[in-house]
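*Asks:* Mind looking at a prediction? Sequence and model below.
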Amino acid sequence: CVEQSSAENPANYVVTDAAGPHTIVSVTRRADGRSVVVCVAPPVAGQFTVVASNIGECCPGRSIGTSTNSGHVLGLLNTDIGWVGDPAPPGTAFTCGGDVIEVTAGGSDIWGNDDHSHFVYTTRCGDFDMKVQLTRLDPLNRWAKAGLDARISLAAGSPHIMSVFTPFGTVPPGQGDVGYDGIDAGIRTSLNGGTGSWGGMGPPVLSAGKNWMRLVRRGDQFLAYHGSDGENWILHADSGSSLCGGVPGTLLVGLNTTSHNNGNATTAIYEHFTLSPQGVCPSPCGSLSIALPPGQLNRPGDVVISW
């Protein structure tokens, strides 16, 4: 572990990107005692380098010396979804090395008429292919959830479509094993409307540490898959044509987590998160018809475009 006073001294860090060095606003040692959160201004962009020096070890008299490492900005945002008091405690998202995202989240659920969770996200217009491996989800409740979500907005009752894992491992005493090591695929099609299932599988699905999830958008069709290696996929949900014409071009997409035990936080660890590059924004769903109004044939006038 690292000694707190030296680990939290801003003078011991230099953070540089293509624009040059950034001001170190604050440094906070995390609860694991081995990592810190460095707040810089302005935010870094693209590739960056961190140099840490004069950091002491917990063992008195020992210094880690100087260490240099580099990384890249993932371009993700994170926020609680819900309202004051739910989720509680406030959620967090932390990444070290860029390939592992650790999320802590309270919240009563991601289901029903409104969601209460911590969301790590970006925007995507049009088709996308989103994949992630979930290697940890603490079973604060048998229906704790962690996985992939696509939402219209950050409102608690926003329409959305998700595919998530429920906990693997031992569930709390007295809760049985319903939801344990399974998949939930939920959809809400109207603001503050109810949530229904669009697929999913019950327990057991996969062993802990081998759980991969994939959510794909093709026009207004969504498909959800799971797998054990990130390459071979099993389809467990397909929206078909049921959403045709009802999905905005731009959605908020990413990782959504809830403890289903508000007041207590679960920890989810996501690895190897990938999102396909931004493509062409979609055309409206359905067949296209272009015609001249009656009486306007072969002379100037309005053109009617309909779907």
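*Replies:* Okay, I see it. Bear in mind that the values here come from a model prediction, so they are computed numbers and not experimental data.

*Asks:* make it CA atoms for all contacts and neighbour counts henceforth
*Replies:* Will do.

*Asks:* Show the low-confidence segments of the chain, by residue range.
*Replies:* Per-residue confidence for the chain (pLDDT under 70) gives these ranges: 61-64, 97-98, 169-181, 203-209, 282-307.

*Asks:* what about the helices in it?
*Replies:* All helices of the chain, identified by DSSP state H, fall at 4-7.

*Asks:* give me the beta-bridge partners of the most centrally placed residue in it?
*Replies:* A centroid search over the chain (Cα atoms, centre = their mean) returns L255, at 1.5 Å, as the residue closest to the centre. Residues found in beta-bridge contact with L255 (criterion: DSSP bridges) are V120, L148.

*Asks:* likewise V40?
*Replies:* V40 has these beta-bridge partners by DSSP bridges: I24.

*Asks:* is it true that it touches T23?
*Replies:* Yes: the pair V40 and T23 passes the contact test of Cα atoms under 8 Å, sitting 5.5 Å apart.

*Asks:* shared neighbours, those two?
*Replies:* When contacts are counted by Cα atoms under 8 Å, 6 or more residues apart in numbering, V40 and T23 have V15 as shared neighbours.

*Asks:* any idea how far the residue nearest to the centre of the chain is from V50?
*Replies:* L255 sits at a distance of 26 Å from V50 (criterion: Cα to Cα, to the nearest Å).

*Asks:* What is the neighbour count of the closest residue in space to D32 that isn't next to it in sequence?
*Replies:* If the residues on either side of it in the chain are set aside, D32 comes closest to C1, at 7.9 Å by Cα to Cα, 6 or more residues apart in numbering. The number of residues packed around C1, counting by other Cα atoms under 10 Å, is 12.

*Asks:* Next one: C1 from V164, what distance?
*Replies:* Relative to V164, C1 is positioned 34 Å away (criterion: Cα to Cα).

*Asks:* the strands in the stretch 201-307 of the chain, which residues?
*Replies:* When assigned using DSSP state E, counting those that start in this stretch, the strands of the stretch 201-307 of the chain occupy the ranges 211-218, 221-227, 234-238, 250-258, 266-275, 289-291, 304-306.

*Asks:* out of these, deepest packed?
*Replies:* Most buried of the strands of the stretch 201-307 of the chain by mean neighbour count (mean count of other Cα atoms under 10 Å) is strand 250-258; its value is a mean of 26.

*Asks:* just checking, what packs against that strand?
*Replies:* Other helices and strands packing on strand 250-258, by 3 or more Cα pairs under 8 Å, 6 or more residues apart in numbering; DSSP states H and E, are strand 100-105, strand 109-111, strand 114-125, strand 145-151.

*Asks:* Of those, which is nearest T266?
*Replies:* Set against T266 and scored by Cα to Cα, the helices and strands packed on strand 250-258 come closest in strand 100-105, at 5.5 Å.

*Asks:* which outside residues touch that closest one?
*Replies:* With contact meaning Cα under 8 Å, 6+ apart, strand 100-105 is reached by 87-95, 117-118, 257-259, 264-273.

*Asks:* run the last query once more with 6 Å
*Replies:* 91-95, 118, 258-259, 265-271 (Cα atoms under 6 Å, 6 or more residues apart in numbering).

*Asks:* cool, and stretch 23-37?
*Replies:* By Cα under 6 Å, 6+ apart, stretch 23-37 touches 1-2, 8, 10, 38-41.

*Asks:* Would you mind measuring from H72 to S242?
*Replies:* The separation that H72 has from S242, given Cα to Cα, amounts to 39 Å.

*Asks:* higher neighbour count, these two?
*Replies:* Using other Cα under 10 Å as the criterion, H72 and S242 rank with H72 on top: 14 against 11.

*Asks:* can I assume that one is in contact with T49?
*Replies:* No: using Cα atoms under 6 Å, H72 and T49 do not qualify as a contacting pair, with a distance of 8.6 Å.

*Asks:* L77: neighbouring residues, count only.
*Replies:* By the other Cα under 10 Å criterion, the neighbourhood of L77 contains 12 residues.

*Asks:* swap in the one 3 residues further on?
*Replies:* For D80, the neighbour count with other Cα under 10 Å is 28.

*Asks:* Thanks a lot, catch you later.
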